[in-house]
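With the sequence up front, the predicted model follows.
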Amino acid sequence: RLYQVPFEMPDCEGESETRTLHLIGDFSAPAEFFVTLGVFSFLYAMAALVLYLRFHSLYGENKKLPFADFCVTVCFAFFWLVAAAAWGKGLADVKAATRPASLIAAMAVCQGQEVVCNAGTTPAMGLANISVVR
């Protein structure tokens, strides 16, 4: 939800005045899908562990239960792949929206002919990249 993040920029008209700009974009859906799937996967793994350990005889006697467990596990694996791809795309969109060059381009103060705007350092995205790899 980048649109909720304000940042101040100087206003050339008055030296002490600043303007508030907001970033553009809402990339929360892929992250929420990724986290929700992770929580449901954890809960299913705990339920399966209880089934395996506590009700082992039921699991061994019923021939449909292992097949159902296999099908649910395959579904979770597929959705995990989809969620990781969606989170990767969401992260790429966040990077594009917060790229220093695009932020400078959005600032009216930097559009003058005699104005030189410098982005400074590029933000570190290493931990965000690792979250997609996991």
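Perfect, thanks for sending it.

Which residue is the nearest non-sequential neighbour of residue 7?
residue 21 (5.8 Å; CB to CB, 6 or more residues apart in numbering). All C-beta atoms are positioned from the backbone trio N, CA, C, and that covers glycine.

quick check: mean pLDDT across the helix or strand where the one you found lies?
Taking DSSP states H and E as the definition, one finds residue 21 inside strand 18-22. Mean pLDDT, strand 18-22: 70.

And the helix or strand following that strand, what does it pack against?
Next helix or strand after strand 18-22 toward the C-terminus (DSSP H and E): helix 28-54. Helices and strands touching helix 28-54, by 3 or more CB pairs under 8 Å, 6 or more residues apart in numbering; DSSP states H and E, are helix 56-61, helix 64-97.

and these as TSV, adding distance to residue 46 and mean pLDDT?
Shown next, in TSV, are the helices and strands packed on helix 28-54 (distance: least, CB to CB, whole Å; pLDDT from 0 to 100):
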stretch	distance to residue 46	mean pLDDT
helix 56-61	15	81
helix 64-97	13	88
